[in-house]
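Engineer: let's see this in three dimensions:
(one chain, ligands or ions: 2)
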Amino acid sequence: MEVAAGEPIRVQTLSQLTKPSQIPSQYIQPPETRPDPTPSPTTTKAIPSISLGSHRDVTLLRREIGEACRDWGAFHVTDHNVPIKLLNDMRNNGRSFFEKRGVEDKMKYSCDSNLPASEGYGSRMLVESNETVLDWRDYFDHHTRPVSRRNPLKWPETPSNYREVVAEYSDRMHALAQKLLCLISESLGLPSSCIEEAVGEFYQNITVSYYPPCPQPELTLGLQSHSDMGCITLLIQDDVGGLQVLKDGQWITVHPVSDAIVVILADQTEVITNGQYRSAIHRAITNANRARLSVATFHDPAKTMTISPVIHPPRYKQVNYGDYVSLWYTKGPDGKRNIDALQI
Ligand SMILES: O=C(O)CCC(=O)C(=O)O
Ligand SMILES: [Fe+2]
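Structural biologist: Residues are numbered from 1 along each chain as shown. Ligands and ions are numbered 1, 2, ... in the order given. Here you go, the predicted model:
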């Protein structure tokens, strides 16, 4: 089965159509990028988990953050002060949009498929080309910061608190991102505000990803291997599991911890810290039985910002963030090829 070019078919629709047979060829990954069919039973490695509770000794906390950033670029935070009810409300918002509405109703919120990263309901991230393999994922992207970008009328109006929850979630994630960037700066012996000043005002997007059950999960990916382009991503997931982080050449599953938030360092933090901390390569795998939901909150520089290392001598070329984003959307992430090209 083939998906016609340009047709904004949603993966959820496909999942219903193809069950239980074969996925369309555009979703089949080449053998080298397919998920490992038999993950090694000896893989007990897990990303670090760090408590941010007020009882923590700050010197020790900085050291743990530094180690997690240096060794992994991804870690869980607990005791983060974001109400657990808000995390659950945000997950419920996502489930309600994808599972309680019919396709036609969802299509009212469709994003503009000709514009990269346009707000709303979509499936295809990259500019269309014959070479890219499609992801087994639908998403809903919300533009949330600066506050002037917020247009709640573009967000679903049900459940009745949907828009309120997104706005509060945005504010809480923003505050947590600021706190983490202070700690990350301090962990390198830099002034607390150093990374935030290098990034400037945050552009924040909240993307709810929905991965429908896939009849052939061994052939496809929910989201191909990539590092996030901006500065820092804060992610929550449901209890299904599917997020993986690449560590020393091995894909490590990030097991769901419902009250925790996953922190993922993105490319501009790698540039600003001059490679002391690397952005994490990650991907999402699918499964045949249960739909999976995640909510990723991205914190990025303005497209007009020029990002350069704050540590000298620089090992990365300075980059205009808008140019970096355009390249990513045209060429695709292909792991970390885009940021590797900036290394001096
Ligand atoms: O669904 C996930 O766990 C990963 C999402 C992600 O990496 C992204 O949206 O950039
Ligand atoms: Fe990501």
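
Engineer: ok, the residue nearest to Thr158 when sequence neighbours are not counted - contacts?
Structural biologist: Nearest residue to Thr158, sequence neighbours excluded (Cβ to Cβ, 6 or more residues apart in numbering): Ser96, at 7.0 Å. Glycine gets a C-beta too; all of them are placed from N, C-alpha and C. By Cβ atoms under 8 Å, 6 or more residues apart in numbering, Ser96 lies in contact with 156, 158-159, 162.

Engineer: so which helix or strand takes in Ser96?
Structural biologist: Here Ser96 sits within helix 84-100, counting by DSSP states H and E.

Engineer: can you give me the buried ones in that helix?
Structural biologist: 86-87, 89-91, 93-94, 97-98 (16 or more other Cβ atoms under 10 Å).

Engineer: out of those residues, who's nearest Ile9?
Structural biologist: Phe98 (15.2 Å; Cβ to Cβ).

Engineer: between the contacts of Ser96, which has the most around it?
Structural biologist: Pro156 (22 neighbours; other Cβ atoms under 10 Å).

Engineer: my read: that one touches Tyr162, true?
Structural biologist: Yes: shown here, Pro156 and Tyr162 form a contact pair, counting by Cβ atoms under 8 Å, at 5.1 Å.

Engineer: between those two, what contacts are shared?
Structural biologist: 93, 96-97.

Engineer: make a markdown table out of those and add pLDDT and distance to ligand 1.
Structural biologist: Shown next, in a markdown table, are the shared contacts of Pro156 and Tyr162 (pLDDT from 0 to 100; distance: Cβ to the nearest ligand atom, whole Å):
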| residue | pLDDT | distance to ligand 1 |
| --- | --- | --- |
| Asn93 | 97 | 16 |
| Ser96 | 97 | 18 |
| Phe97 | 97 | 15 |
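
Engineer: returning to what we had before: after the helix holding Ser96 comes which helix or strand?
Structural biologist: Immediately after helix 84-100, counting by DSSP H and E, sits helix 103-107.

Engineer: can you mark which positions in that following helix are buried?
Structural biologist: The neighbour-count check on helix 103-107 (16+ other Cβ under 10 Å) flags Lys106 as buried.

Engineer: one more: stretch 158-175?
Structural biologist: Buried positions in stretch 158-175, judged by neighbour count with 16+ other Cβ under 10 Å: 162-163, 165-170, 172-174.

Engineer: list the helices and strands the helix or strand bottoming out on mean pLDDT in the chain packs on?
Structural biologist: Within the chain, no helix or strand scores below helix 337-340, which has a mean of 81 by mean pLDDT, DSSP states H and E. Applying 3 or more Cβ pairs under 8 Å, 6 or more residues apart in numbering; DSSP states H and E, one finds that helix 337-340 makes contact with helix 267-272, helix 321-331.

Engineer: for the last one, enumerate the helices and strands it packs against.
Structural biologist: So the one you mean is helix 321-331. Using 3+ Cβ pairs under 8 Å, 6+ apart: helix 321-331 touches strand 306-307, helix 337-340.

Engineer: in the sheet, who's paired with the residue of the stretch 101-250 of the chain found nearest ligand 1?
Structural biologist: Nearest residue of the stretch 101-250 of the chain to ligand 1: Leu243, at 3.5 Å (Cβ to the nearest ligand atom). Note on Leu243: beta-bridge partners by DSSP bridges are Ala284.

Engineer: which bits of this protein sit near ligand 1?
Structural biologist: 207, 209, 223, 228, 235, 237, 243, 282, 284, 294, 296 (Cβ under 6 Å from any ligand atom).

Engineer: neighbour count and secondary structure for those residues - can I get that in JSON lines?
Structural biologist: Formatted as JSON lines, those follow (neighbours: other Cβ atoms under 10 Å; DSSP: H, G, I helix; E, B strand; the rest coil):
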{"residue": "Thr207", "neighbour count": "20", "secondary structure": "strand"}
{"residue": "Ser209", "neighbour count": "24", "secondary structure": "strand"}
{"residue": "Leu223", "neighbour count": "23", "secondary structure": "strand"}
{"residue": "Asp228", "neighbour count": "24", "secondary structure": "coil"}
{"residue": "Leu235", "neighbour count": "22", "secondary structure": "strand"}
{"residue": "Gln237", "neighbour count": "24", "secondary structure": "strand"}
{"residue": "Leu243", "neighbour count": "26", "secondary structure": "strand"}
{"residue": "His282", "neighbour count": "23", "secondary structure": "strand"}
{"residue": "Ala284", "neighbour count": "24", "secondary structure": "strand"}
{"residue": "Ser294", "neighbour count": "25", "secondary structure": "strand"}
{"residue": "Ala296", "neighbour count": "22", "secondary structure": "strand"}
